[in-house]
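**Student:** sequence below, structure please.
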Amino acid sequence: MAGFIVLNAALELLGLGDTVFSGELVAAAAFMAVPVGAGIGILRHRLFDIDLVIRKTLVFGLLAAFITIVYGAVVLGIPALVLGVRPTGMGALPLMAAVVLAIAYRRRRLGVM
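**Tutor:** Below is the predicted model of the structure:
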């Protein structure tokens with residue numbers, strides 16, 4: 001806020017306060033102050049431990065991609081190999097596979113064999 005006031009006063013003293021772009025320039029500078037300050041704090045001073053956040057994001061993203069690929073292979077590949085059914089004519093089979101996988105995961109997570 002203080003920077004906004006000082007910049008606006010400096011533009012008025014220089015005679016540039018009435019120009020068309022002075023208000024937009026001051027507003028742009030004010031809006032950029034917060035992201036630039038946050039970026040400096042995060043990168044220079046290791047604020048928010050951003051390395052840990054990036055690492056966890058990558059791990060969970062890769063895990064989600066792997067699970068999606070395995071699920072797609074199970075739902076689309078096994079019926080095509082075993083039953084000779086094309087993906088367009090499967091009907092309720094993908095839904096049943098999703099339910100079976102969800103139950104199997106839930107049982108394993110709870111430790112129920």
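**Student:** all helices for the chain, in order.
**Tutor:** Taking DSSP state H as the test, the helices found in the chain are 2-13, 22-44, 50-72, 78-82, 93-110.
**Student:** now the ones you listed in JSON lines, with mean pLDDT and mean neighbour count?
**Tutor:** Every C-beta, even on glycine, is put in place using the N, C-alpha and C of the backbone. Listed next are the helices of the chain as JSON lines, based on pLDDT from 0 to 100; neighbours: other C-beta atoms under 10 Å:
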{"stretch": "helix 2-13", "mean pLDDT": "75", "mean neighbour count": "12"}
{"stretch": "helix 22-44", "mean pLDDT": "81", "mean neighbour count": "12"}
{"stretch": "helix 50-72", "mean pLDDT": "84", "mean neighbour count": "11"}
{"stretch": "helix 78-82", "mean pLDDT": "78", "mean neighbour count": "12"}
{"stretch": "helix 93-110", "mean pLDDT": "72", "mean neighbour count": "12"}
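**Student:** just want the most central residue of the protein.
**Tutor:** By C-alpha atoms, centre = their mean, the mean C-alpha position of the chain lies nearest to residue 57, the distance being 8.2 Å.
**Student:** residue 44 versus that one, what's the distance?
**Tutor:** Going from residue 57 to residue 44 by C-beta to C-beta, to the nearest Å gives 21 Å.
**Student:** go on, residue 28?
**Tutor:** The value you get for residue 28 to residue 44, if C-beta to C-beta is used, is 23 Å.
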